[in-house]
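J.: Predicted coordinates and the sequence they were generated for:
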Amino acid sequence: MNTLTAKGGNAIPLTAMKKNIKYKLVDIEGFTRRGCKNQIYWLDGIEQIASGNGKDLCCDDVIHYYDSPDLAVLYNVIHANIENPCLIVLKIDKCIAHDGLKGGCKKAKFVQEILLPIWMMEKRVEFAIRISLIAYKDEGYVKWAKDWLSGKDRTIKSIDKITAETNVESHTAKTSIAEWAVCGAMDAINAARNMWIIENTEGVSAACAVDRIIKNVATVATAVSNTERAKRFLQFSLNIITQIKGGN
């Protein structure tokens, strides 16, 4: 039987807990919010309980988690932004809040530490572009995106052209959902631009482009998540990850 074993605890059958298995990033010593009054040490297997009474994310009402190891890696930069994080498996009570990017629960317990998924820059850009296509359906953009994804055209000329066209669209969006969709597309284009910089320059420029791609990907997801219901956006994201990793 496949099992996960908490440090100092009994083996727990995966089949019995799969629905309640989630993921969290901690620092190299197993803490979240190290040095703050609400820091938590996770690796002792003690059940942690949110101190707040409400159900809101981004506060002490809930314990935050991710629904997959990949989402934890991709979204770290816009959430806890932990430097050199470690990834742990949690068993939670139930989801009480979700924004499509991360979830929140009242109780969570450490199960085990697992390896961080590796996301190369090209795959991050692919994720950003595929996420942007959930919301932004402009014909010219869709063609550019498909050409980039297939490798047919990743030139700086095509990136400059679609940047100009999408920038025009950003000034004509008539609803907040349309505005978020355009924002997601622009961030995806910027990710592609930074990929071009990595492949065609060296030194500081290339290093800075890596950092920008990491942020671009997360901001694309943030923008597009505002155009869909949380549960629906989460499922789209997980499906895209499966599609990308299945192609490796």
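T.: Noted; the coordinates are in hand.
J.: quick one: low-confidence ranges for this structure?
T.: 1-18, 247-248 (pLDDT under 70).
J.: And the helices in it, which stretches?
T.: Along the chain, the segments classed as helices by DSSP state H run 14-17, 69-75, 121-135, 139-150, 156-170, 176-200, 203-225, 230-246.
J.: List the buried residues of the fifth one.
T.: If you call a residue buried by 16 or more other CB atoms under 10 Å, then helix 156-170 has these buried ones: 158-159, 162-163, 166, 169. C-betas here are computed from N, CA, C, even on glycine.
J.: now for it, which elements pack on it?
T.: helix 139-150, helix 176-200 (3 or more CB pairs under 8 Å, 6 or more residues apart in numbering; DSSP states H and E).
J.: Nearest to residue 35 among these would be which one?
T.: helix 176-200 (31.7 Å; CB to CB).
J.: packing partners for the closest one?
T.: When contacts are defined as 3+ CB pairs under 8 Å, 6+ apart, helix 176-200 sits against helix 121-135, helix 139-150, helix 156-170, helix 203-225.
J.: Can you tell me which of those helices is most buried?
T.: helix 121-135 (a mean of 23; mean count of other CB atoms under 10 Å).
J.: what sits against residue 170?
T.: Listed by CB atoms under 8 Å, 6 or more residues apart in numbering, the contact set of residue 170 reads 179, 182-183, 186.
J.: Might one say that residue 187 is in contact with residue 214?
T.: No: assessed by CB atoms under 8 Å, residue 187 is found out of contact with residue 214, at 11.8 Å.
J.: how about residue 217, what does it touch?
T.: 74, 124-125, 127-128, 191.
J.: will you turn the residues you listed into CSV that also has distance to residue 229?
T.: Rendered in CSV, the data for the contacts of residue 217 read as follows (distance: CB to CB, whole Å):
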residue, distance to residue 229
74, 20
124, 25
125, 26
127, 20
128, 21
191, 25
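J.: quick check, nearest of these to residue 148?
T.: residue 125 (8.0 Å).
J.: List the residues that contact that closest one.
T.: Residue 125 touches 188, 191-192, 194-195, 213, 216-217, counting by CB under 8 Å, 6+ apart.
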